[in-house]
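> Quick one: sequence and predicted model below, then my questions.
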Amino acid sequence: MKTRKLVSFDFAMKYLLRQKDNFEILEGFLTALLNEPIEVLDIIESESNKNADISKGNRVDFMIRDSKDRRMIVEIQHAAESDYLERMVFETSKTIVDNLDKGKDYGDIVKVISINILYFNLGEGNGYMYKGEIQFNDIYEKNKEKAMLKYSTEKLPEYYIIRTNKFKDKVNTELDDWIYMFKNNEVREEAKTKGIALAKEKLDILKMDETQKREYDTFIHNRRISNSVIATAKAEGEEKGLKKG
């Protein structure tokens, strides 16, 4: 199987995918994930990115507004975070509140889709692709289909968690082609998924000029240092805990 080496997707999110002529890459990924045609209108700078030097961190995120006026929060996280799910819910809720103008009804809230590409173990389970959504069920009804409350939930938030370290590099769907890319920083040459061809072209390390290569090397170097600092702090904490125990 032939592949082409690409820049890491978090670097691409920070420096490349915010450009309008690269929206096709995002549209291809989101179309494969949500199983519907997606048109990206613009990128909304997140508050966390405004106040952080992303090149030195383990987290990159941004918010997308699509043609249906939905907000899609796309985040890549490398370091483990004990309260990650709680923060994910908080940021989704804050986005809903921030996008509801005064005088508007609750029925006017925006749909928020939280998409999380993770490089650490989160929770238990063997899967690599999870979806969370809000449902209401009759607690006394044993039939699952009958138990579900029939009510429109199209405005309620959705959550997607991609655990790249659980992906076994076996590609069965168009979405798997993207997850393969996230995990390996490579695109399979035989991949035909929408947006993948542009990703091959725009994210190709070999096509970078010397300045871009230096920026990328610095980005990866800083991320490795940050990972090492976090791992060291965790090890020291565990050692102190054992001594106290």
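Received the coordinates, thanks. Numbering: from 1, shown residues only.
> Count the neighbours of residue 136 for me.
11 (other C-beta atoms under 10 Å). C-betas here are computed from N, CA, C, even on glycine.
> next SSE after the lowest-mean-pLDDT helix or strand in the chain?
Every helix and strand in the chain was compared by mean pLDDT, DSSP states H and E; the lowest is helix 47-50, with a mean of 50. The element immediately downstream of helix 47-50 (helix or strand, assigned by DSSP states H and E) is strand 59-66.
> That following strand packs against which elements?
In terms of contacts (3 or more C-beta pairs under 8 Å, 6 or more residues apart in numbering; DSSP states H and E), strand 59-66 is packed against helix 9-15, helix 23-34, strand 40-44, helix 47-50, strand 71-77.
> again, only this time at 10 Å
Counting contacts by 3 or more C-beta pairs under 10 Å, 6 or more residues apart in numbering; DSSP states H and E, strand 59-66 packs against helix 9-15, helix 23-34, strand 40-44, helix 47-50, strand 71-77, helix 84-98, strand 112-118, helix 210-244.
> can you give me how far that strand is from the chain middle?
Distance, stretch centre to chain centre, for strand 59-66: 8 Å (C-alpha atoms, centre = their mean, to the nearest Å).
> Mean confidence (pLDDT) on that strand, please.
Summarised as a single mean, pLDDT over strand 59-66 is 89.
> Pull up the pairing partners for it, direction included.
If you go by DSSP bridges, strand 59-66 pairs up with strand 40-44 (antiparallel), strand 71-77 (antiparallel).
> isn't residue 69 right next to residue 41, touching?
Yes: Residue 69 lies in contact with residue 41 (C-beta atoms under 10 Å); the separation is 8.4 Å.
> out of the strands paired with strand 59-66, deepest packed?
Comparing those by mean neighbour count (mean count of other C-beta atoms under 10 Å), strand 71-77 comes out on top with a mean of 22.
> Could you say which helix or strand holds the residue nearest to residue 43 when sequence neighbours are not counted?
Excluding its sequence neighbours, the residue lying closest to residue 43 (C-beta to C-beta, 6 or more residues apart in numbering) is residue 18, at 4.9 Å. Taking DSSP H and E as the definition, residue 18 sits outside all helices and strands.
> Tell me where this protein is predicted with low confidence.
Scanning the chain for pLDDT under 70 picks out 1-4, 46-58, 205-209, 212-213, 216-217, 219-221, 223-224, 226-245.
> if we go to 80?
Along the chain, the parts satisfying pLDDT under 80 run over 1-6, 15, 45-59, 205-245.
> Test my guess that residue 63 contacts residue 44.
Yes: between residue 63 and residue 44 there is a contact under C-beta under 10 Å: 4.2 Å.
> what's the overlap in contacts for those two?
Residues touching both residue 63 and residue 44 by C-beta atoms under 10 Å, 6 or more residues apart in numbering: 71-73, 95, 99.
> Distance to residue 184 for these - can I get that in a markdown table?
A markdown table is the format used below for the shared contacts of residue 63 and residue 44 (distance: C-beta to C-beta, whole Å):
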| residue | distance to residue 184 |
| --- | --- |
| 71 | 29 |
| 72 | 24 |
| 73 | 24 |
| 95 | 31 |
| 99 | 35 |
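> re earlier: okay, the strands paired with strand 59-66 in CSV with distance to residue 198 next?
Putting the strands paired with strand 59-66 into CSV (distance: least, C-beta to C-beta, whole Å) gives the following:
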stretch, distance to residue 198
strand 40-44, 13
strand 71-77, 17
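> for the ones you listed, which one sits closest to residue 6?
For the strands paired with strand 59-66, the distance to residue 6 is smallest for strand 71-77, at 14.1 Å, taking C-beta to C-beta.
> could you give the angle of that closest one to helix 23-34?
90 degrees (axes from the mean of the first three to the mean of the last three C-alpha atoms, to 10 degrees).
> CA-only coordinates of strand 71-77, as PDB, when you get a sec.
Provided in PDB are the C-alpha atoms of strand 71-77 (Å, rounded to 0.1, in the frame of the first residue of the first chain):
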ATOM      1  CA  ARG A  71     -21.300  25.400  14.600                       C
ATOM      2  CA  MET A  72     -18.800  22.600  14.400                       C
ATOM      3  CA  ILE A  73     -16.100  22.600  17.000                       C
ATOM      4  CA  VAL A  74     -13.100  20.600  15.700                       C
ATOM      5  CA  GLU A  75     -10.500  19.800  18.300                       C
ATOM      6  CA  ILE A  76      -7.300  17.800  18.300                       C
ATOM      7  CA  GLN A  77      -5.900  16.800  21.700                       C
END
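> Thanks a lot, catch you later.
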